[in-house]
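Q: Using only what follows, build the 3D model:
(2 chains)
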Amino acid sequence: MSEFAGMEDLLQDFLIEAGDLLSGVDNKLVDLERSPGDQGLLNDIFRGFHTIKGGAGFLNASAMVTLCHLTESLFDRLRNGETAVTPETMDVILAATGAVRDMFGEMERGVMPHPADPALLAGLQAAISGEAATGAPAGPSGTAPALPAGGGAEPDWQLLLGAVTNTPVPSREAAAPVVVEAGASPDKIIAAAIGRRATDMPGATGPVGRRDNERQRDNSIRVDTARLDQVLNLSGEIGLTKNRLNALRSDILSGRNDAETLHALDVAVSQLDLLVSDLQNAVMKTRMQPIGRLFQKYPRIARDLARNLGKDVELVLAGEETEIDKTMIEDLSDPIIHLIRNAVDHGVESATERVAAGKPVKSNVRLEARQEGDHIVIMVSDDGRGMDADRLRAKAVSKGLISDEEASTMDERQSFNLIFLPGFSTAEQVSDVSGRGVGMDVVRTNIQKLNGQIEIRSQQGKGTTLIISLPLTLAILPVLLVRLGEQPFAVPLSMVREILPIDVSMVQDVGGRATMVVRGDVLPILPLSGLLGWPQERVPEYGVLMQTAEMSFVLAIDSFAGREDAVIKSLDDFRPKGVAGVTTLSNGQIVLILDMKELLGTTPGIPRSALIKRVAPEEVAVVG
Amino acid sequence: MADSKLKFLVVDDFSTMRRIVRNLLKELGYTNVDEAEDGAVALQKLNAGQFDFVVTDWNMPNMDGLTLLQTIRRTPQLKHLPVLMITAEAKKENIIAAAQAGASGYIVKPFTAGTLAEKLEKIFEKLGKSASA
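A: Residues are numbered from 1 along each chain as shown, chains lettered A, B, ... in the order given. Next up, the predicted model:
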């Protein structure tokens, strides 16, 4: 049972908005470290804590009020120049934001936040009173009982308020006094400061990459009212067009079918067509959110990480305004954390190594998003040591993930892709930062779940770039309709490279498998019937050249039925193997959308054979 | 007794807070409520529409609540508007500054519908007196 009964809506709003605010504060703190005297930053951070405090008060989260109040008081002194920003104050401030974030976590789970670590509160107090013992800012006594009241000299604000404004003394209910919990370890502060818990690791969250306790946040979305107005507008227009069609129907039913009426019908239908596609776009736009909201939290994570490792790393963000489907933003959060961790931990060299290599000590890790056609591309690049293909192969062999022979046939790209194998970790020593080799395979699985791909580019000595490419939205999928006999199936157009006729005389047998040569590449031919377990009734006439992250192949089919933008309907409880969902064609026919990866048997955690061999093991029934 | 026709403007940069205040006002029977996210936006709305009451936060970007209050009091067609200041601080300087700038009332976060009702009542009472005087 939630401790926020009756306030669930408010709580959700608060968590979303205050969460964004806190991420903003975190980023500004990273900036503040670089320019400690910046008045604008100090003001913004002050206001951030102040606002969170105000909201927390209404939710009766007194522990959060106390913590935010102390931090805010500290910033009040900092911005008034009464105290200077020192590394020690930065540490305690960063610890405080971590603790606030943890409290958000508790609230998400419907639990009233527990009082912050007394050591942290004491640290804040010390920072506040450190330089000037007198005049410690006095807070609202009802909400910040942990604060020293500043002695008996403090005037009674409430009486004063009443006197000055001629209004009655506000009847403030005293918040429950904060119970100071003894014995919390300083490790907790560090963990809080780093702002991640064990569950933040993609591996620890399971392949879905979404924590149960995050559900509370998942259901709401903030939409620009202008976009909603557009939706409303279009629905209105569609209503008008519908009325027009109704009128035309009555006309036609009553026998009017002259050229003029038919022309009017044609115009109305085309108009409806246009409006509906506009409406679809408009509705989709309401789901789009700037990715900056996600990016915001990473500079802090990168900074903490780098500091832990004794490195000087700056995370540079670009393309924050790029818009992406909200569901994807949530599911991308953990994979990107992992990529950044990898970049900072493994990619970037130690200071001495960098100097020896003639590089500046400070390294840049770049997190960038942009839209390329109907795809969103997210890149995490570092200017570190780059990946060593030989070392990766040796590592994979020594771990027993691949054989010597397999290793010797791998090109550079395939070697890089080894890091996606389950159980692969190049860190000689497991560091507490980058995890334990559970990362990259989970990252890739999560990206693939979003119909995305991940690719590695690396140059030794220059750095590594990981490139994630994702469809703009998950709701509408461009598909190619293919036929087996009379039965149509839909395959995702994103995987289709080209369509070619299968000339039986060109089909060759290589290693007992049917293949054909397409511009110098020997590609296996996989008949769709075979993948579906259907009998092969006739010789396939066409091939669809398809490409997945691991392989290219020719899918053999009987004929085509065209292409379509499919609105995916998922089969909630019933999900046959290899079927991603269904869609309805313009003629009303229901078509299965195939999940090619699943059909190919390259389910999450692909076996090594699929990674290195270009031929999948399926039997082929093409007449050779 | 609440006059539901009274038009309120709630000014706060934190939308959660605007919603809280809006809900509390609704509880008291005031349903005609508009929102603004800072003092500058508030002034635009006040100049454009017929508002009867302003409830504003203090600490906001662009234009803070105190500046908003001062500007309202300086503007002939707005200066009669009752302005209730909301803040998380109960500092003496703040209260004095608000009172000097001409705030009709001052309320400290967090507060309940009851507290808000009391404040509003007090303000209306004063207004009524000055109107009949």
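
Q: give the contact list for residue 21.
A: If you meant another chain, say so; for now it's chain A. A:48, A:51-52, B:14 (C-beta atoms under 8 Å, 6 or more residues apart in numbering or on different chains). For the C-beta atoms, the positions are set from N, CA and C on the backbone; glycine is no exception.

Q: That was the other one, I meant chain B.
A: Contact analysis of B:Val21 by C-beta under 8 Å, 6+ apart lists B:10, B:12, B:55, B:86, B:116.

Q: How are the helices of chain B distributed by residue range?
A: B:15-27, B:39-48, B:65-74, B:92-101, B:113-132 (DSSP state H).

Q: Chain neighbours aside, what residue packs nearest to the residue of chain B found nearest chain A?
A: Using C-beta to the nearest C-beta, B:Pro110 is the residue of chain B that sits closest to chain A, at 3.5 Å. Spatial nearest neighbour of B:Pro110, chain neighbours left out: A:Gly57 (3.5 Å); criterion: C-beta to C-beta, 6 or more residues apart in numbering or on different chains.

Q: List of residues touching the host helix or strand of the one you found?
A: Assigned by DSSP states H and E, A:Gly57 falls within helix A:39-58. By C-beta under 8 Å, 6+ apart, the list of residues contacting helix A:39-58 from outside reads A:10, A:14, A:17-18, A:21-22, A:24-25, A:28-29, A:31-32, A:35, A:64-65, A:68-69, A:71-72, A:75-76, A:78-79, A:100, A:143, A:175, B:13-14, B:16-17, B:20, B:57, B:59-61, B:88, B:109-110.

Q: still on that earlier bit, most neighbours out of the contacts of A:Leu21, which is it?
A: Using other C-beta atoms under 10 Å in any protein chain shown as the neighbour criterion, A:Ile52 leads the contacts of A:Leu21 with 32 neighbours.

Q: Return the distance of the one residue in chain A that gets nearest to chain B relative to A:Val100.
A: Closest approach between chain A and chain B, counting by C-beta to the nearest C-beta: A:Gly57, at 3.5 Å. According to C-beta to C-beta, to the nearest Å, A:Gly57 and A:Val100 sit 14 Å apart.

Q: quick one, which of those two is more surrounded?
A: A:Val100 (30 against 26).

Q: Quickly find the element holding the nearest residue to A:Val344 once chain neighbours are set aside.
A: The shortest distance from A:Val344 to any non-neighbouring residue, by C-beta to C-beta, 6+ apart, is to A:Leu305 (4.8 Å). Using DSSP H and E, A:Leu305 sits in helix A:298-308.

Q: who touches that helix?
A: A:23, A:26-27, A:29-30, A:33, A:94, A:97, A:193-196, A:312-315, A:317, A:336-337, A:340-341, A:344-345, A:348, A:365, A:367, A:433.

Q: Kindly indicate whether the residue nearest to A:Asp441 when sequence neighbours are not counted is helix, strand or coil.
A: Setting aside the residues directly before and after it, A:Asp441 is nearest to A:Pro422 in space (C-beta to C-beta, 6+ apart), at 4.4 Å. Following DSSP: H, G, I helix; E, B strand; the rest coil, the label given to A:Pro422 is coil.

Q: Now A:Pro422. Its backbone dihedrals?
A: Recorded main-chain torsions at A:Pro422 are phi -60, psi 140, according to degrees, to the nearest 10.

Q: List the contacts of the residue nearest the centre of chain B.
A: Against the mean C-alpha coordinate of chain B, by C-alpha atoms, centre = their mean, the closest residue is B:Val55 at 1.9 Å. Contact partners of B:Val55, counting by C-beta under 8 Å, 6+ apart, are B:8-11, B:21, B:25, B:83-84, B:86.

Q: Scan the residues you listed and report the most crowded one.
A: Counting neighbours by other C-beta under 10 Å, B:Val11 comes out on top of the contacts of B:Val55 with 32 neighbours.

Q: per-residue pLDDT, A:Glu368?
A: What the model reports as pLDDT for A:Glu368 is 94.

Q: where's it, which helix or strand?
A: Assigned by DSSP H and E, A:Glu368 belongs to strand A:363-372.

Q: can you check A:Met103 too?
A: Here A:Met103 is assigned to helix A:87-108, by DSSP H and E.

Q: Confirm for me that A:Gly578 is in contact with A:Asp595.
A: Yes: here A:Gly578 reaches A:Asp595: they are 5.4 Å apart, a contact under C-beta atoms under 8 Å.

Q: re earlier: name the residues of the strand holding A:Glu368 that come out as buried.
A: Buried positions in strand A:363-372, judged by neighbour count with 16 or more other C-beta atoms under 10 Å in any protein chain shown: A:363, A:365-369.

Q: Centre of the chain to it, how far?
A: Strand A:363-372 sits 14 Å away from the centroid of its parent chain (C-alpha atoms, centre = their mean, to the nearest Å).

Q: I'd like to know which elements the helix or strand following it is packed against.
A: Using DSSP H and E, the helix or strand that follows strand A:363-372 towards the C-terminus is strand A:375-382. Packing contacts for strand A:375-382, counted by 3 or more C-beta pairs under 8 Å, 6 or more residues apart in numbering or on different chains; DSSP states H and E, involve helix A:326-342, strand A:363-372, strand A:463-471.
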